[in-house]
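Asker: Quick one: sequence plus predicted model below, questions after.
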Amino acid sequence: MAKSPALCATAMLCALAGLLACSASALAGNCQAKLVDKSFACTIKTSDGTTSTDCWEFTPEGPSANFSFFDAKHDFGCACDVTGKFKKPSFDNSASGFACDDGLGDQINGKIKGDKITGQGSDAGGESELFSCTVGPSCG
Amino acid sequence: MSRTLSFLSSAILSALFFGMLGAPVPALAGNCQAKLVGNQTVGKAFRCTIKLSTGSSVSDCWTFGTGIFSVQHFDLVTAFDEFGCTCGTTGSFKSPKFNSSADVIECDDGEGSQLTGTIKGKKLGAQSVNEDGTSEIFSCTPTPACG
């Protein structure tokens, strides 16, 4: 009789451990794990016809509770894209897609492809940009 | 009550901003702006359900138009916010075509929220990320007007 509560407790602990392991591996597999502590050399084409280069450094610190990046001018707060259906969304879960906002009217959304990130961005004024970045040395 | 007021103010703001301040910004033929706004000042409206990463769910009403933020393209007014928008870029990196996507919209409110949406037939789906890392997912269906 005394064994039953012990077995129950063990089973509950195992279930809890399983859940924790599950959520840790989901976080480990999201885009954040692939970007944080990396720097990227970026080429940016803007809708005004100009082309520029920049260095983007992704960090766990910054305006976002998840991860952030800073370029030559601003800090952007980021999250991985939502996956799953509208009925059952998984937030901050995509392994490759992410979006960021600088709080000053600029936003980007990107995709990780191996050692590269590509994507597009826009500002509140309607200007847009296309970027292509390759992992590189620290921006500092 | 505050939601009702919010919707009312949204409708008033939409009419005021789009109707009085905004001159129509011509859309490129076939791009997302042509579908959402056309060559009008006040375009299509959508009733949206929003799920937040914080676990809550809210409803909203969106009106697209021209003449607020995006001096070049179009805008989105919701019950809670106003965004400047452009259509997504198509083509390759070597030869990009800006503001040309027929289905993808990119918006920013200038205060820490961005939104990427996709037109799917008459419906609109979207995701949003905020500067603080919170995010939202949207499901929107057409409505005659907000307010």
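Answerer: Ah, there it is.
Asker: Can you read off the pLDDT for residue 39?
Answerer: Reading this off chain A. On pLDDT, A:Ser39 comes in at 97.
Asker: The chain in question should be chain B.
Answerer: Taking B:Asn39 on its own, its pLDDT is 85.
Asker: A strand includes it, no?
Answerer: No - under the criterion used here (DSSP: H, G, I helix; E, B strand; the rest coil), B:Asn39 is coil, not part of a strand.
Asker: any idea how far A:Asp115 is from the residue at the greatest distance from the centre of chain B?
Answerer: Taking CA atoms, centre = their mean, the residue of chain B most remote from its mean C-alpha position is B:Lys94, at 28.4 Å. Per CB to CB, to the nearest Å, B:Lys94 is found 20 Å from A:Asp115. The way it works is simple: take the backbone N, C-alpha and C, and place the C-beta from them, glycine included.
Asker: can you give me the strands for chain B?
Answerer: B:42-52, B:57-65, B:74-77, B:82-87, B:90-91, B:96-97, B:104-108, B:113-120, B:123-130, B:135-143 (DSSP state E).
Asker: Just name the most buried of these.
Answerer: strand B:74-77 (a mean of 29; mean count of other CB atoms under 10 Å in any protein chain shown).
Asker: now the residue most central in space within chain B, nearest residue through space, not along the chain?
Answerer: The structure's chain B has its C-alpha centroid closest to B:Leu76; by CA atoms, centre = their mean the separation is 3.4 Å. Of all residues not flanking B:Leu76 in the chain, B:Phe83 sits nearest, at 4.3 Å (CB to CB, 6 or more residues apart in numbering or on different chains).
Asker: Show the pLDDT at that neighbour.
Answerer: According to the model, B:Phe83 scores 96 on pLDDT.
Asker: you'd agree it is up against B:Leu115?
Answerer: Yes - here B:Phe83 reaches B:Leu115: they are 6.1 Å apart, a contact under CB atoms under 8 Å.
Asker: which residues are common contacts for those two?
Answerer: B:Leu76, B:Cys107, B:Asp108 (CB atoms under 8 Å, 6 or more residues apart in numbering or on different chains).
Asker: pretty sure the second one is touching B:Phe74, no?
Answerer: No - applying CB under 8 Å as the test, B:Cys107 and B:Phe74 come out as separate, 9.1 Å apart.
Asker: Mutual contacts of the two, please.
Answerer: Contact criterion CB under 8 Å, 6+ apart; residues shared by B:Cys107 and B:Phe74: B:Cys85, B:Thr86.
Asker: residues of stretch A:85-95 that come out buried?
Answerer: Buried residues in stretch A:85-95, defined by neighbour count with 16 or more other CB atoms under 10 Å in any protein chain shown: A:Pro89, A:Ser90, A:Phe91, A:Asp92, A:Asn93, A:Ser94, A:Ala95.
Asker: Assign a three-state SS to the fourth one, would you?
Answerer: The three-state label for A:Asp92, taken from three-state DSSP, comes out as coil.
Asker: I'd like to check which residues are in contact with it.
Answerer: So A:Asp92 contacts A:Asn30, A:Gln32, A:Asn66, A:Ala79, A:Cys80, A:Val82, B:Ser53, B:Gly133, B:Ser135 (CB under 8 Å, 6+ apart).
Asker: of these, buried ones?
Answerer: Buried, going by 16+ other CB under 10 Å: A:Asn30, A:Gln32, A:Asn66, A:Ala79, A:Cys80, A:Val82, B:Ser53, B:Gly133, B:Ser135, out of these.
Asker: Could you double-check that B:Leu28 sits in contact with B:Lys35?
Answerer: No - counting by CB under 8 Å, B:Leu28 stays clear of B:Lys35, with 11.1 Å between them.
Asker: Neighbour count: those two, which is higher?
Answerer: Neighbour totals were compared for B:Leu28 and B:Lys35, and B:Lys35 leads with 19 against 16 (other CB atoms under 10 Å in any protein chain shown).
Asker: pretty sure the more buried one contacts B:Ala102?
Answerer: Yes - contact criterion CB under 8 Å: B:Lys35 and B:Ala102 qualify, at 7.1 Å.
Asker: Which neighbours do these two have in common?
Answerer: Common neighbours of B:Lys35 and B:Ala102 (CB under 8 Å, 6+ apart) are B:Ile119.
Asker: pLDDT below threshold where in chain B?
Answerer: Low-confidence segments of chain B (pLDDT under 70): B:1-25.
Asker: cutoff 50 now
Answerer: Along chain B, segments meeting pLDDT under 50 span B:1-12.
Asker: in chain A, which spans are strands?
Answerer: A:39-46, A:51-59, A:67-70, A:75-80, A:83-84, A:89-90, A:97-101, A:106-113, A:116-123, A:128-136.
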